[in-house]
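# This is a predicted model, with the sequence first.
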Amino acid sequence: MNTLENNIADDYDSPWKEGMELYFKELIQFFFPDIAARIAWDKGHQFLDKELQQVVRDAEIGRKHADKLVRVWSLENEPFHVMVHIEVQSDKDPDFARRPI
């Protein structure tokens with residue numbers, strides 16, 4: 001397999017990141033109901049991709065970094081940020097449960 005085919009075959013994260021944007025509210029409500037209950041969903045949310053890239057560039061440790069940084073508004077009308085990272089496990093890894101975060 002050539003390099004282009006490897007890059008295409010190994011791009012498991014992109015569809016998840018796109019899905020995160022399309023279904024952000026549902027994702028947070030399902031996985032983090034306590035946080036979702038504090039968000040004023042009627043005020044919308046804003047993905048901060050450029051700001052995230054600056055944070056990642058300044059503070060990345062190995063390959064561990066958030067995929068999305070999102071500004072939301074609390075029920076008290078205060079902005080706060082939610083950082084989300086999704087790890088797509090494409091190969092069987094017997095040590096996955098013990099892998100450091």
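The structure has been received and is ready for your questions. These numbers were taken from a predicted model, which means no experiment stands behind them.
# residues contacting Ile28?
Taking CB atoms under 8 Å, 6 or more residues apart in numbering as the contact definition, Ile28 lies against Ile35, Ala36, Ile39, Val82. C-beta here means a position set from N, CA and C on the backbone, and glycine is covered the same way.
# Do a quick rundown of the strands in this protein.
46-47, 68-73, 79-84 (DSSP state E).
# So which of those is nearest Phe96?
Evaluated over those, closeness to Phe96 peaks at strand 79-84, with 19.5 Å, by CB to CB.
# Just give me the neighbour total for Leu27.
Residues near Leu27, counting by other CB atoms under 10 Å, number 18.
# Also the one 10 residues further on?
A count of neighbours around Ala37, defined by other CB under 10 Å, yields 10.
# Check it and give its pLDDT.
The score at Ala37 is 97. That number is its pLDDT.
# Single out the most deeply packed of the strands of the chain.
strand 68-73 (a mean of 19; mean count of other CB atoms under 10 Å).
# so what does that one touch, helix or strand wise?
Judged by 3 or more CB pairs under 8 Å, 6 or more residues apart in numbering; DSSP states H and E, the packing partners of strand 68-73 are helix 13-22, strand 46-47, helix 49-59, strand 79-84.
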